[in-house]
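Colleague: Below is the sequence, then the predicted model.
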Amino acid sequence: MKLVTHWIGGKAWEGQAGRHLDVHDPATGEVTGRVAMADAAVVDAAVSSAAGAAGAWGRASLAVRSRVMFAFRDLVERHTRELADVLTSEQGKVTTDAMGEVSRGLEIVDFACGLPQLLKGEFSENVSADVDSYSIRQGLGVVAGITPFNFPAMVPMWMFPIAIACGNAFILKPSEKDPSASIVLARLLAEAGLPAGVFSVVQGDREAVDAVLAHRGIQAVSFVGSTPVARHVYETGTAAGKRVQALGGAKNHMVVLPDADLELAADAAVGAAYGSTGQRCMAIAVLVAVGDVADRLLPRIRERIGRLKVAPGLEPGAEMGPLTTREALARVVSYLEQGQAEGAALIEDGRTLRIAGHENGYFVGPCLFDHVRPGMSIYRDEIFGPVLSVVRAGTYEEALALVNANAYANGVAIFTNDGGAARRFQAEVQVGMVGINVPIPVPMAYYSFGGWKQSLFGDVHVHGREGVFFYTRGKVVTARWPDPKHRGVNLGFPQMK
Ligand code: NAD
């Protein structure tokens, strides 16, 4: 049985952990290994190692830093299938989805390879007589990332390639539910020539997170996970003087206007609601059917649900795998019961699904509720499973008001053939990432990812230009080289001449 441990000082940690948790295969429910849990002493060892490496790495030339990124990029590409299989074995997602996760992560590495261009400062000659001014951006030192179970490779890759390319040492605290991908990434970074200590992994749960937040040697923390924990991380981290960006949960709506292409909308709704078994922060959880759309669209969605292949992730042709944990399965089942009790119509019930030989796996089939209303818990709460709720709205204004009243504001999509309506929606909707006839509008690496309201605590989104800003500090230099005509004391406030 495998033992997953920390990565400190450029190698797997060899100490004895005081505490372990089991790691499961979601397709069978079997325990496949154990993961070591970090305490404050392990976090401190990782910070010492990172602090020891950060200085030299921050001073390494841009050429050296980007060369390591290029080598890492090549290695990840060559190990895509290995990484994907690790994801399937612990997270449960199907192979095509796992390969997609790695390739979306790789896009951030591509972006980080071009960091020298993004770190270029500005220069103004002669801002005053014989005085030049220029700006530079410098790494922060030691920074940390805390990541969720749903994207064990991609979400860490939103963070560390940019942090490292900017000259920081990075400590990753991955989810304890699927810890192995972090160690494959650590190994590939070491093979790419990254000096020991520049990338570390501490496995663990709340104890490790709180040690990261309290540690004075860590300058900044990126977090992705649920809203209550995001708020805790933001409040605790900033109170300790750290820079924090904390991305939280979501309840994403897809608004379908009566003029939309309903074949396109049905394909999009099914892909976005049930892809990754609904365990995506950009999954569509609510379909807002405007006017008479519901009665025309629902048969198309149900027909597509009937054709979905739910199966263990490694099975050829599998489109939807199990949920990641037994708790997630229990949570979905409990919301199905609540939704029925609250009066919504459960028109597709995934609880009837049986997969021979996988009776103890965490499987539930696609679920579809019609006639959902805003007061219901299935509408209000993030379920994080394959459950799509249909809310019927009379008008565009009613649909917009519904979206804007939601506590979360991560992603949203509108389906219409009316360019004017789409343009109005993009201006009026209060959400961080907007899709127009695109159900999962995850920005490319060179844009920044992040929601509004309860979906993000902090001011700065991840990756893209905002990611570079998060992991660096700006400095402006005003320089005058000696010139005899400037001799003489002047107590006045410096003025331009
Ligand atoms: P989670 O909040 O339970 O865990 C996230 C991280 O925090 C993990 O590393 C975990 O070990 C740690 N953690 C858990 N409980 C903690 C506590 N009480 N104190 C300190 N640390 C704690 O989230 P999850 O269940 O792993 O992931 C699913 C959630 O993540 C969903 O809400 C989803 O919407 C969200 N998510 C958001 C985004 C985004 O970009 N906004 C992306 C992916 C996932």
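Modeller: Happy to help now that I have it. Residues are numbered from 1 along each chain as shown.
Colleague: quick one: the closest residue to the ligand within the stretch 201-350 of the chain from Gly375, how far?
Modeller: Proximity of the stretch 201-350 of the chain to the ligand (C-beta to the nearest ligand atom) peaks at Gly225, 2.7 Å away. The way it works is simple: take the backbone N, C-alpha and C, and place the C-beta from them, glycine included. Note on Gly225: its distance to Gly375, by C-beta to C-beta, to the nearest Å, is 27 Å.
Colleague: who has more neighbours, those two?
Modeller: Looking at Gly225 and Gly375 with other C-beta atoms under 10 Å, you find the greater number of neighbours at Gly225, namely 22 against 9.
Colleague: Could you give the number of residues near the closest residue to the ligand within the stretch 51-200 of the chain?
Modeller: Closest to the ligand within the stretch 51-200 of the chain is Pro148: 3.0 Å, counting by C-beta to the nearest ligand atom. Neighbours of Pro148 under the rule other C-beta under 10 Å: 22.
Colleague: how about the residues of the stretch 201-350 of the chain that lie near the ligand?
Modeller: Residues of the stretch 201-350 of the chain lying close to the ligand (C-beta under 6 Å from any ligand atom) are 205-206, 209, 224-226, 229, 232, 247-250, 281.
Colleague: most surrounded residue in the residues you listed?
Modeller: Neighbour counts for those (other C-beta under 10 Å) peak at Leu247, which has 30 neighbours.
Colleague: so that residue touches Ser448, yeah?
Modeller: No - using C-beta atoms under 8 Å, Leu247 is not in contact with Ser448; the gap is 11.1 Å.
Colleague: Now do the shared contacts for those two.
Modeller: The contact sets of Leu247 and Ser448 overlap at Val462 (C-beta atoms under 8 Å, 6 or more residues apart in numbering).
Colleague: Tell me which of the residues of the stretch 201-350 of the chain next to the ligand fall in helices.
Modeller: Mapping these onto helices (DSSP state H) picks out 206, 209, 229, 232.
Colleague: ok, so of those residues, who is nearest His463?
Modeller: Closest approach between those and His463, by C-beta to C-beta: Val229, at 20.6 Å.
Colleague: Can you give me every residue that contacts the closest one?
Modeller: Applying C-beta under 8 Å, 6+ apart, one finds that Val229 lies in contact with 209, 223, 248.
Colleague: Same list (the residues you listed) but as a markdown table, adding distance to Val434 and pLDDT.
Modeller: As requested, these are exported to a markdown table (distance: C-beta to C-beta, whole Å; pLDDT from 0 to 100):
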| residue | distance to Val434 | pLDDT |
| --- | --- | --- |
| Val209 | 31 | 98 |
| Phe223 | 23 | 98 |
| Gly248 | 18 | 98 |
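Colleague: Which residues of the stretch 351-497 of the chain lie near the ligand?
Modeller: Those residues of the stretch 351-497 of the chain that sit near the ligand, judged by C-beta under 6 Å from any ligand atom, are 382, 384, 410, 451, 455.
Colleague: contacting residues around the last one?
Modeller: Ser455 makes contact with 227, 247-250, 281, 408-410, 432 under the criterion C-beta under 8 Å, 6+ apart.
Colleague: which residue sits closest to it, ignoring its sequence neighbours?
Modeller: Nearest residue to Ser455, sequence neighbours excluded (C-beta to C-beta, 6 or more residues apart in numbering): Asn410, at 4.0 Å.
Colleague: Next, give phi and psi for that neighbour.
Modeller: In terms of degrees, to the nearest 10, the main-chain angles of Asn410 are phi -80, psi -70.
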